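Chemist: This is the structure alone, sequence omitted:
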């Protein structure tokens, strides 16, 4: 995955904003895609902010996205022929990881994007303060797979490589 | 950071470039650079990147070395020419002689015939003769958000003799492109229709200077040693006065956006998972 | 003519026609365009550039060379646009001032 540094900054600025009751904010990138010699590449180009009222309280997780937040991302995937990348932030330095809850939840809702746009890959990404990790879903592979590299493209080219 | 600390934590060969940072070795070793065109400019690029410690290369050039290349193509020998060895083979040997552990794909083909070889490169360097090929290569690099470094050199007749000039440019996705920097113009592309692009004068010292400057741009991008790190950059070379300068206008606008390429125009517009 | 109108007009000849852009140049992708009678292949994906490019006021790029009976076309080396290789033949002076369909038909005239 290759992300423009300027777009990463937009996303981080949004994800760092406090929310009235959600511990973590989330957002979505819309992305283009292409073939590599041995895989695929996702290229985020735009960021969808989830507004404050896109969250609903939840006893187990504190907060979840409501249906409206997902609907907007799905509509973009369908109408603009784009991939969708679910994004959130773990505030620490170093390579972040998907918690067991992150994995469970993304395994649950990310395949919905394959229903509206099965011809493109979709992904979930976790930022840390300086790195990122991502997982990818496609309609030809039964399970999500780890994205090997996430690159921030800007005046300082910064790569996060899957461990 | 204390030099003693750095020396203790870096391989001996990297001691003299320890100012690039304690992680620089690992960063460079994990970097994939695609060099397109392994003639006078590209051979220097390959050699220097190997010395610096870049760990992975894709080299693309369809040609075999010829006698006419010996005046400037570093690493190419008389034997190479006699045996008709490819330019990429000479460059591979050059890289491996300095960096035996480097991973090198030597592809004797036009890059347009092997576009997938470029797509996972971290940086693409274009050392091509024609404006048309450079225009297309930059387009391919921008499609996959890959920083593109372009080299160009020429000699023109002037009153009283000849003038050597050239440039090294960093086209950074999201910022000024070669069109913005007036390195490539529609006039150049149109004029090229009527004449062959190759066969222009080329000399080793100008190629070497521009290639060295380009390597500096690449290392700045990977392991910046000063701040703020620059965005798109244009270095112009006046060979007769031996001046290499940052272009003033590009320098003050290098962080501007580019009207020719947007982030939305990335990827393969015809890509489909189901068709793979 | 607006970009949308251009796309709509060309869609009458090539269903699925859509605008694409690269390097500041505007193209219309024409999937499965039918070639003039007698050509092989009969159907080819094409890219119509309505902006000046490489010294041509407009240009038609094809996904593959076409054999037009009785025509010796001067095919140029492949060019890489939109992450794909395309070919074009030398056929100049088709101005962009006409309707897009006319521009396309003028280019296809070279194959007749």
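Modeler: Received, thanks. In this text the structure is predicted, and so the values were computed from the model without any measurement.

Chemist: who are the neighbours in contact with the residue in chain C that chain A sits nearest to?
Modeler: Nearest residue of chain C to chain A (Cβ to the nearest Cβ) works out as residue C:83 at 6.2 Å. Yep, even glycine has a C-beta here, placed from its N, CA and C like the rest. Neighbouring residues of residue C:83 by Cβ atoms under 8 Å, 6 or more residues apart in numbering or on different chains: A:34, B:115, B:140, B:143, B:144, B:267, B:268, B:269, B:270, B:271.

Chemist: And the residues you listed, which is closest to chain C?
Modeler: Nearest to chain C among those, with distances taken as Cβ to the nearest Cβ, is residue B:268, at 4.0 Å.

Chemist: hang on, that closest one in a helix?
Modeler: No - under DSSP: H, G, I helix; E, B strand; the rest coil, residue B:268 sits outside any helix and is assigned coil.

Chemist: Tell me if I'm right that it and residue B:143 touch.
Modeler: Yes - assessed by Cβ atoms under 8 Å, residue B:268 is found in contact with residue B:143 at 7.3 Å.

Chemist: how many neighbours does the closest residue in space to residue B:144 that isn't next to it in sequence have?
Modeler: Closest residue to residue B:144 apart from its sequence neighbours, by Cβ to Cβ, 6 or more residues apart in numbering or on different chains: residue B:119 at 5.2 Å. As a burial measure, residue B:119 scores 24 neighbours (other Cβ atoms under 10 Å in any protein chain shown).

Chemist: Now do the same contact list for residue B:119.
Modeler: Per Cβ under 8 Å, 6+ apart, neighbours of residue B:119: A:34, A:35, A:36, A:37, A:41, B:144, B:146.

Chemist: Apart from its chain neighbours, what residue comes closest to whichever residue of the stretch 101-250 of chain B sits closest to chain A?
Modeler: Closest contact between the stretch 101-250 of chain B and chain A, by Cβ to the nearest Cβ, is at residue B:229 (3.6 Å). With sequence-adjacent residues excluded and distances taken as Cβ to Cβ, 6+ apart, residue B:229 is closest to residue A:155, at 3.6 Å.

Chemist: And the one you found, how far from chain C?
Modeler: From residue A:155 across to chain C, the span is 22 Å (Cβ to the nearest Cβ, to the nearest Å).

Chemist: doesn't residue B:228 make contact with that residue?
Modeler: Yes - here residue A:155 lies in contact with residue B:228, judged by Cβ under 8 Å, at a distance of 7.2 Å.

Chemist: Between the two, which is the more surrounded one?
Modeler: The neighbour count for residue A:155 versus residue B:228, taken as other Cβ under 10 Å, is higher for residue A:155 (22 against 9).

Chemist: which residues does the more buried one contact?
Modeler: A:5, B:172, B:221, B:224, B:228, B:229, B:230, B:231.

Chemist: I'd like to know which of the residues you listed is nearest to chain C.
Modeler: Once Cβ to the nearest Cβ is applied, the member of the contacts of residue A:155 that ends up nearest chain C is residue B:172, at 15.4 Å.

Chemist: ok, now how distant is the residue nearest to the closest one when sequence neighbours are not counted from residue B:208?
Modeler: Computed as Cβ to Cβ, 6+ apart, the closest residue to residue B:172 that is not its neighbour in sequence is residue B:232, at 4.7 Å. Residue B:232 sits 23 Å away from residue B:208, going by Cβ to Cβ, to the nearest Å.

Chemist: same thing with residue B:254?
Modeler: In terms of Cβ to Cβ, residue B:254 sits 25 Å off from residue B:208.

Chemist: neighbour-wise, which of these two wins?
Modeler: Taking neighbours as other Cβ under 10 Å, residue B:254 and residue B:208 compare with residue B:254 leading, 21 against 18.

Chemist: Go ahead and confirm that one touches residue B:171.
Modeler: No - contact criterion Cβ under 8 Å: residue B:254 and residue B:171 do not qualify, at 10.5 Å.

Chemist: Common neighbours of those two, please.
Modeler: residue B:232.

Chemist: Now tabulate the contacts of residue C:83 in a markdown table and tack on pLDDT and neighbour count.
Modeler: Output for these, formatted as a markdown table (pLDDT from 0 to 100; neighbours: other Cβ atoms under 10 Å in any protein chain shown):
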| residue | pLDDT | neighbour count |
| --- | --- | --- |
| A:34 | 96 | 20 |
| B:115 | 95 | 22 |
| B:140 | 97 | 24 |
| B:143 | 97 | 27 |
| B:144 | 97 | 24 |
| B:267 | 96 | 27 |
| B:268 | 95 | 20 |
| B:269 | 93 | 20 |
| B:270 | 92 | 16 |
| B:271 | 93 | 20 |
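
Chemist: Which strand or helix spans the nearest residue to residue B:183 once chain neighbours are set aside?
Modeler: Excluding the flanking residues, the one nearest residue B:183 by Cβ to Cβ, 6+ apart is residue B:169, at 5.4 Å. Assigned by DSSP states H and E, residue B:169 falls within strand B:161-171.

Chemist: What pairs with that strand, parallel or antiparallel?
Modeler: In the sheet, strand B:161-171 lines up against strand B:148-158 (antiparallel), strand B:233-238 (antiparallel) (DSSP bridges).

Chemist: Output the ones you listed in CSV; the columns should cover mean pLDDT and mean neighbour count.
Modeler: Formatted as CSV, these follow (pLDDT from 0 to 100; neighbours: other Cβ under 10 Å):
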stretch, mean pLDDT, mean neighbour count
strand B:148-158, 93, 19
strand B:233-238, 96, 21
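
Chemist: Make CSV from those strands and add distance to residue A:22 to it.
Modeler: Output for those, formatted as CSV (distance: least, Cβ to Cβ, whole Å):
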stretch, distance to residue A:22
strand B:148-158, 41
strand B:233-238, 42
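
Chemist: Would you confirm that residue C:25 contacts residue C:47?
Modeler: No - Residue C:25 sits out of contact with residue C:47 when judged by Cβ under 8 Å, with a separation of 10.3 Å.

Chemist: More neighbours: which of these two?
Modeler: Set residue C:25 next to residue C:47 and count neighbours by other Cβ under 10 Å: residue C:47 wins out with 22 against 17.

Chemist: The spatially most central residue of chain A is in what secondary structure piece?
Modeler: For chain A, residue A:86 is the residue whose C-alpha lies nearest the centre (Cα atoms, centre = their mean; 2.6 Å). Counting by DSSP H and E, the element that carries residue A:86 is strand A:83-89.

Chemist: my read: residue A:1 touches residue A:39, true?
Modeler: No - under the criterion of Cβ under 8 Å, residue A:1 is not in contact with residue A:39, lying 10.8 Å apart.

Chemist: Looking at these two, which is more packed in?
Modeler: Using other Cβ under 10 Å as the criterion, residue A:1 and residue A:39 rank with residue A:1 on top: 27 against 14.

Chemist: helices or strands next to the strand holding residue A:86 in the packing?
Modeler: Judged by 3 or more Cβ pairs under 8 Å, 6 or more residues apart in numbering or on different chains; DSSP states H and E, strand A:83-89 is in contact with helix A:5-15, strand A:26-36, strand A:39-49, helix A:67-80, helix A:100-109, strand A:122-127.

Chemist: Deepest-packed of those, please.
Modeler: A comparison of these by mean neighbour count, using mean count of other Cβ atoms under 10 Å in any protein chain shown, puts strand A:122-127 on top with a mean of 27.
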